[in-house]
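*Asks:* everything below, folded, please.
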Amino acid sequence: MKKLLLPFLALFCTLFAHAQESKKPEVSIVFGLNQPLVTKGFNFEVDYWTKKFVFDYSHGFGLEFTDNLITKEAKEQHLAFNITNSVGFGLGYRFTQKFNVRVEPKMHVWEMYYDDAFKSSDGRIKKYTTYTLGLGAYYRWTPFEKKQNALRGLTVVPNVRWWPNVGSSLKDNKYTYFNERTQRTETHNANNIGVSNSPFFINVSVGYTFNLKK
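*Replies:* Numbering: from 1, shown residues only. This next block holds a predicted model:
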C-alpha cells in the first residue's frame, strides 16, 4: 500500500502547491447524506478547487454495518461492524466546471462485534483496517449560483464511487477465530466498504462552496 501511495502523495503535493498561486480559490465543505441516514454515522469532506483540478480530504466516523448492510456470511456468524474512522484524500480532474473524476486512496478502521453485544467491550471480536484505492465521479451542482446573496454557495454533490480493497491489516485478508455464538471455528473475510459488501456505492453530499466563481 505504501508503494502505491508515495507517488500519489508526491503528485498531490506538487499540484496543491501550484494551486496555491490562485489568490481566491474555491473551497467546498460538504456532508454525506447516506452516512447518517443509512449507517447512523457522520462524514465530512473539504474540497479545494483550481481551474482544472480538485483536491479533497474526507473523514467518516461511527459508520454502523448491521442487519441488511452485512453479508450472508456475517449474518450466519452473528456479526455486526462499526467503522470508527474512514479517512483519505483524492485528486481529481475537472472535465467541466461541474463534473470531475478523482483517484482516491482511503483507509477504513473496522470493529467486529457479535450482533447481540454490538459496540460493547464484551462483544468485540477483532479490530482491523482495510485499504482501498479507487475512482469517484462527482457532479457539483450549485442551484443558486446566479444569485448575489448567501444562497449562492449552496452546493449539492451527487457521486458514484468504486473503491476496491487493495489490502488489509488481516493476514491474507481474512480472520479465523472461534465463534462463541455458533460454537465453531469460523473465517471472516475482510469487508468491502460499498453496497452489499461490494466496492461500489453512491451518495449525495450537501454543503457550501466559498468564493464561488461566476
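*Asks:* and stretch 138-156, how far out from the chain middle?
*Replies:* Distance of stretch 138-156 from the chain centroid (C-alpha atoms, centre = their mean, to the nearest Å) equals 24 Å.
*Asks:* what mean pLDDT does it get?
*Replies:* Averaged across stretch 138-156, the pLDDT comes to 94.
*Asks:* could you do stretch 118-135 as well?
*Replies:* Rounded mean pLDDT across stretch 118-135 is 97.
*Asks:* which of the residues in that stretch are buried?
*Replies:* Under the neighbour-count criterion of 16 or more other C-beta atoms under 10 Å, stretch 118-135 has Phe118, Gly123, Ile125, Tyr128, Thr129, Thr130, Tyr131, Thr132, Leu133, Gly134, Leu135 buried. Any C-beta I mention is one placed from the backbone N, CA and C, and that applies to glycine too.
*Asks:* now do the contacts for the first one.
*Replies:* When you say that, I think you mean Phe118. Shown in contact with Phe118 (C-beta atoms under 8 Å, 6 or more residues apart in numbering): Glu64, Thr66, Ala80, Asn82.
*Asks:* please apply the same query to the last one.
*Replies:* Residues in contact with Leu135 (C-beta under 8 Å, 6+ apart) are Val101, Arg102, Val103, Glu104, Arg161, Trp162.
*Asks:* show me where the protein has helices.
*Replies:* 2-19, 34-38, 72-76 (DSSP state H).
*Asks:* looking at these, which one has the lowest mean pLDDT?
*Replies:* helix 2-19 (a mean of 52).
*Asks:* just the strands in this protein please.
*Replies:* In the chain, the segments counted as strands under DSSP state E are 26-32, 42-49, 53-65, 79-94, 99-114, 124-139, 154-162, 165-168, 174-179, 184-189, 200-210.
*Asks:* mind checking these for the one nearest to Lys146?
*Replies:* Comparing the strands of the chain against Lys146 with C-beta to C-beta, the closest turns out to be strand 154-162 (12.0 Å).
*Asks:* output the contacting helices and strands for the closest one.
*Replies:* Packing partners of strand 154-162 (3 or more C-beta pairs under 8 Å, 6 or more residues apart in numbering; DSSP states H and E): strand 26-32, strand 124-139, strand 200-210.
*Asks:* can you do 10 Å?
*Replies:* With contacts taken as 3 or more C-beta pairs under 10 Å, 6 or more residues apart in numbering; DSSP states H and E, strand 154-162 sits against strand 26-32, strand 42-49, strand 99-114, strand 124-139, strand 200-210.
*Asks:* redo the ones you listed as CSV? Include distance to His59.
*Replies:* Below are these laid out as CSV (distance: least, C-beta to C-beta, whole Å):
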stretch, distance to His59
strand 26-32, 11
strand 42-49, 6
strand 99-114, 10
strand 124-139, 14
strand 200-210, 13
